[in-house]
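A.B. asks: could you look at this predicted model? Sequence included:
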Amino acid sequence: MNAILFHRVSVFHDVSAFQLVSRNARSGLEMKHRLQIPLGEIEFAGKLCHKCMLRMAEHNMTRLIECVPNFSEGRDMAVIRQITGEIERIDGVKLLDVDPGATTNRTVVTFVGTPDEVVEAAFQAVRKAQELIDMRRHKGDHPRFGATDVCPLVPVSGISMKETAEYARKLGQRIGEELGIPIYLYENAASSEVRRNLANCREGEYEGLKDRITTAEWRPDFGPAEFKESVARSGATAVGARDFLIAVNFNLNTTSTRRANAIAFDVREKGRPKREGHPITGKPILDERGEPVMIPGTLKGTKAIGWFIEEYGIAQVSMNITNLSETPLHVAFDEVSSKAAARGIRVTGLEIVGLVPRAAIIDAGKHYLTKQSRSHGIAESEIVKIAIRSMGLDDLKPWKPQEKIIEYVLAAEAAGTRLIDMTCREFAEETASESPAPGGGSISAYLGALGAALAAMVANLSSHKAGWDERWEEFSDWAVKAQEMKEDLLRLVDEDTESFNRVMAAFGLPKGTDEEKAARTAAIQEATRYATEVPFRTMERACDSFEVIRAMAEHGNPNSVTDAGVGALCARSAVIGAFLNVKINAAGLKDKDFAADLLTRGAEIERQANEKEAEILAIVNGKI
């Protein structure tokens, strides 16, 4: 199966000192949108060119950016739908997430697509928000100064921050000139250093905009510099380009905003003002420039504040993590929990606003498995469950990974269409049907996956064996290695069938003219080469698994030694079965040197597989 490559994908909310939260849980109003990626092609809501986008993605050429506008309306779903409708009608973009908050009266929208199309969708959404939202009547708990409060662009794939910042400037200029909205450029698109910080641009919020907009220091980058009727209605908008950030809220077993703030000041990078005498009521100490001297917090790359959420009846520490490499999600959770405990307060759970990258959740799950001295080489779904339970992601409402993890959302359409998503019975019946695929190649890959899975099972059982606690990391490392092999081989199950389909598609090309015949011949050769390479990769990966299988037969839980033996049988069968496919497909290649090289290397892998299987079976039989 071919899958679009997202090397750096995340969807988060914009940065101020704090962040909004979805507050519509009670009403049940929720708008979730999925990016669809079917087998063998990529589809952005049916709007992007499937095959072109796929080929570009495969070669890491796709230019994708994400836009995360924050609109000052979180209660009227009819207004929100009209705004998001403007985004959805633009070809080349996909709406990923809509997160309205009643208490904050603010909605965070996330969409992704090609740069020009994202900019167009953002412009149309800002125009609709200007039409529907009157800032003179707006009330909410979150800092804001416009109907479209902020509109950041985030580079996702194939585009630099410098290029993304230029798109942000063009978007800001167009909004300012065509819609007459005052625009402040911030973060990487900022026109001056002081304007990089969103909090500086938004200081005084909407209520202070009338006096501020006319000053020389805070004249807008684009749009009117006077508080006329249209500006009174629309307010101003901050347009920028930034890296990824994640917005989270730590649920506390208290209603005290003051205590929540104290915890926030303990951990946020900025920290708290240093004071004379009493640490709370004492006079702030100033430096030589008259600025407060700060006592830094413990978490780098974070901004935080405490607040009370009436909907849930609890106080929270609301935090933006602007650098996950410096402060991973689980590190933030543990540190906030520690500082809360020092003040007699317990963190009951963590609320993640919007979508989160897979790595943040997987890293958290592995962190808590390590604290339990448990193997990391378990199914990804189990690692995710550990993360959910450990950080209380479902404390306030159910947390569904398929809707909250960005990579899962992007891959949602593939579910149910792949062979590996079938039940055992469905897969067997599909294989037994009149269709020629799946065939021996896919079955060989699946046999290899089962062999690796058995190796992982023995490693995990060994890691958890009573009396072997000091060896848990040793077996965890083996289990992780086996899981990686299993996942690679599972992908090859569908890729082998896809390679066969490509050959069939090539043979189906027209051949009425000499040009068509030449194109058809070239396509057949290209597809046949691919159909030869795929089972060869199955051979290589299945043969790799003998290392783990042998280690488990020799050193693993003796009660599971026969499982290691069966794993060896599966691996050898996978190698031999895949080699049969290599040989039959190589026979159709005109590039005889390439075919001969593959066959020579394949024969050596087959020899090694037979030898390694025999050695492992001898070990197994010697122990039973």
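C.D. replies: That came in fine, so what should we check first?

A.B. asks: going forward, measure contacts between C-alpha atoms and count neighbours the same way
C.D. replies: Noted.

A.B. asks: how about low-confidence regions in the stretch 1-150 of the chain?
C.D. replies: Residue ranges of the stretch 1-150 of the chain with pLDDT under 70: 1-62.

A.B. asks: same thing but at 50, please
C.D. replies: Applying pLDDT under 50 to the stretch 1-150 of the chain picks out residues 1-61.

A.B. asks: can you show me the helices along it?
C.D. replies: 50-58, 77-88, 115-132 (DSSP state H, counting those that start in this stretch).

A.B. asks: nearest to residue 459, out of those?
C.D. replies: Nearest to residue 459, of all the helices of the stretch 1-150 of the chain, is helix 50-58, at 34.2 Å by C-alpha to C-alpha.

A.B. asks: what's the burial count for the nearest residue to residue 531 once chain neighbours are set aside?
C.D. replies: Leaving out its chain neighbours, the residue that sits closest to residue 531 by C-alpha to C-alpha, 6 or more residues apart in numbering is residue 499, at 4.9 Å. When neighbours are counted by other C-alpha atoms under 10 Å, residue 499 registers 26.

A.B. asks: what's the most buried one of the helices of the stretch 1-150 of the chain?
C.D. replies: Most buried of those, by mean neighbour count (mean count of other C-alpha atoms under 10 Å): helix 115-132, with a mean of 22.

A.B. asks: outline the domain layout of this protein.
C.D. replies: The chain breaks down into these domains under automatic domain parsing: 31-244, 247-355, 418-623.

A.B. asks: residues touching residue 405, list them.
C.D. replies: Applying C-alpha atoms under 8 Å, 6 or more residues apart in numbering to residue 405 gives the contacts 355-358.

A.B. asks: return the backbone torsion pair for it.
C.D. replies: Main-chain torsions, residue 405, degrees, to the nearest 10: phi -100, psi 120.

A.B. asks: that one pairs with what?
C.D. replies: Counting by DSSP bridges, residue 405 is bridged to residue 356.

A.B. asks: ok, it to residue 399 distance?
C.D. replies: Note on residue 405: its distance to residue 399, by C-alpha to C-alpha, to the nearest Å, is 10 Å.

A.B. asks: hang on, the earlier thing: in TSV, list the contacts of residue 405 along with distance to residue 584.
C.D. replies: Compiled in TSV, the contacts of residue 405 are given as follows (distance: C-alpha to C-alpha, whole Å):
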residue	distance to residue 584
355	46
356	45
357	42
358	40
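
A.B. asks: need the buried ones from those residues selected in ChimeraX.
C.D. replies: Only the buried entries of the contacts of residue 405 go into this ChimeraX selection, using 16 or more other C-alpha atoms under 10 Å:
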select :355,356,357,358
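
A.B. asks: and which of the contacts of residue 405 is nearest to residue 155?
C.D. replies: Using C-alpha to C-alpha, residue 357 is the member of these that lies nearest residue 155, at 14.5 Å.

A.B. asks: ok, the closest one to residue 401 distance?
C.D. replies: As judged by C-alpha to C-alpha, residue 357 and residue 401 stand 11 Å apart.

A.B. asks: can I get the domains of the chain in JSON lines with distance to residue 374?
C.D. replies: Converted to JSON lines, the domains of the chain look like this (distance: least, C-alpha to C-alpha, whole Å):
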{"stretch": "domain 31-244", "distance to residue 374": "31"}
{"stretch": "domain 247-355", "distance to residue 374": "17"}
{"stretch": "domain 418-623", "distance to residue 374": "7"}
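
A.B. asks: lowest average confidence across those, which one?
C.D. replies: Mean pLDDT is lowest for domain 31-244 among the domains of the chain, at a mean of 85.

A.B. asks: and residue 349, which of the three is it?
C.D. replies: Under DSSP: H, G, I helix; E, B strand; the rest coil, residue 349 falls in the strand class.

A.B. asks: in the sheet, who's paired with it?
C.D. replies: Beta-bridge pairing of residue 349 under DSSP bridges involves residue 251.

A.B. asks: so it sits against residue 253, correct?
C.D. replies: No. Contact criterion C-alpha atoms under 8 Å: residue 349 and residue 253 do not qualify, at 9.5 Å.

A.B. asks: so for the two, which residue has more residues nearby?
C.D. replies: Legend: neighbour count by other C-alpha under 10 Å for residue 349 and residue 253, higher for residue 349 (23 against 16).

A.B. asks: any idea how far the more buried one lies from residue 393?
C.D. replies: Note on residue 349: its distance to residue 393, by C-alpha to C-alpha, is 6 Å.

A.B. asks: can you check residue 170 too?
C.D. replies: Applying C-alpha to C-alpha, the value for residue 170 to residue 393 is 39 Å.

A.B. asks: who's more crowded, those two?
C.D. replies: A direct count of neighbours by other C-alpha under 10 Å for residue 170 and residue 393 places residue 393 higher, at 21 against 15.

A.B. asks: next up, the contacts around the residue nearest to the more buried one when sequence neighbours are not counted.
C.D. replies: Among residues not flanking residue 393 along the chain, residue 350 sits closest, at 5.0 Å (C-alpha to C-alpha, 6+ apart). Contacts for residue 350 were tallied using C-alpha under 8 Å, 6+ apart; they are 248-251, 333, 391-395.

A.B. asks: save those residues as a markdown table, and put in distance to residue 115 and secondary structure too.
C.D. replies: Output for these, formatted as a markdown table (distance: C-alpha to C-alpha, whole Å; DSSP: H, G, I helix; E, B strand; the rest coil):
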| residue | distance to residue 115 | secondary structure |
| --- | --- | --- |
| 248 | 28 | strand |
| 249 | 31 | strand |
| 250 | 34 | strand |
| 251 | 37 | strand |
| 333 | 35 | helix |
| 391 | 36 | helix |
| 392 | 37 | coil |
| 393 | 33 | coil |
| 394 | 35 | coil |
| 395 | 37 | coil |
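
A.B. asks: quick one: which of those has the most company?
C.D. replies: Greatest neighbour count in these, by other C-alpha under 10 Å, goes to residue 248: 28 neighbours.

A.B. asks: these two touch, right, that residue and residue 352?
C.D. replies: Yes. If you go by C-alpha under 8 Å, residue 248 and residue 352 touch, sitting 4.5 Å apart.

A.B. asks: neighbours of the nearest residue to residue 451 once chain neighbours are set aside, just the number please.
C.D. replies: The spatial neighbour of residue 451 that comes closest, neighbours along the chain excluded (C-alpha to C-alpha, 6+ apart), is residue 567 at 3.9 Å. Residue 567 has 31 neighbouring residues, counting by other C-alpha under 10 Å.
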